[in-house]
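> No letters, just coordinates:
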Ligand code: TIU
């Protein structure tokens, strides 16, 4: 059973029951000129994850292990977007409004899809989720159960929002979660730092934290 150096201690996982989850690496969040940047966010804080994540995904695929992508977004008629979410933010910069890369966070739009460098390949699961967490109103739980998955290696954006919501719930559902510091990103450096600390504090209160090169070494 491979083990990697992690906080608060070694993370052991079984190759037969571990999935890599790549959360919301979408153009709307990551591309210069996109929705995220138009809200005043520094997208370079997220873009630093693309290169290490591409290397990790290549190694994960070479090892023949399951890879799950998620995308945050909504149906074109917004029927799956609660008013509490829709009415957030400056008018004209809300979900469904026209943005640089199509209607903001709407399924089928260019901006809603995953960045070119990290596009899914045939056979990989893509979960479209209306919430921050990857379990709410999605088929993720059924897929993990069907495939006998017990551990998750979690990557993507943003650390304190969709990554945290997903990992917290995965932990409650009984999954052991390893979050990779170099493959998760926040627009806010202080949230990145404290967001990672929160996971591994108190003896790993809801997960473990490591760096991707140690996972790549463990699966080769
Ligand atoms: N994917 C994800 O984290 N969605 C967000 O809206 N994150 C922000 O930090 N805004």
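Perfect, thanks for sending it. All values reported here derive from a predicted model rather than from experimental measurement. Numbering: from 1, shown residues only.
> Contact residues of the chain facing the ligand?
Residues of the chain that fall close to the ligand, judged by CB under 6 Å from any ligand atom: 24, 72, 132, 157-158, 161-162. Any C-beta I mention is one placed from the backbone N, CA and C, and that applies to glycine too.
> same thing but at 5 Å, please
24, 72, 158, 161-162 (CB under 5 Å from any ligand atom).
> which other residues reach the longest helix along the chain?
If you go by DSSP state H, the chain has its longest helix at helix 189-204. With contact meaning CB atoms under 8 Å, 6 or more residues apart in numbering, helix 189-204 is reached by 6-9, 45, 158-160, 163-164, 167, 177, 179, 181, 184-186, 205-209.
> List the buried residues of that helix.
191-192, 195-196, 198-200, 204 (16 or more other CB atoms under 10 Å).
> ranges for the strands of the protein?
Ranges of strands in the chain, per DSSP state E, are 3-4, 11-12, 18-23, 67-72, 98-99, 102-103, 125-129, 151-157, 176-185, 208-210.
> The nearest residue to residue 86 once chain neighbours are set aside: neighbour count?
Nearest residue to residue 86, sequence neighbours excluded (CB to CB, 6 or more residues apart in numbering): residue 95, at 5.8 Å. By other CB atoms under 10 Å, the residues close to residue 95 number 22.
> Residue 95 contacts residue 107, correct?
No - assessed by CB atoms under 8 Å, residue 95 is found out of contact with residue 107, at 11.3 Å.
> what is in contact with these two at once?
Common neighbours of residue 95 and residue 107, using CB under 8 Å, 6+ apart, are residue 74.
> How about the contacts made by the residue nearest to the spatial centre of the chain?
Centroid-nearest residue in the chain: residue 23, 1.7 Å away (criterion: CA atoms, centre = their mean). Shown in contact with residue 23 (CB under 8 Å, 6+ apart): 70, 134, 154-157, 162-163, 166.
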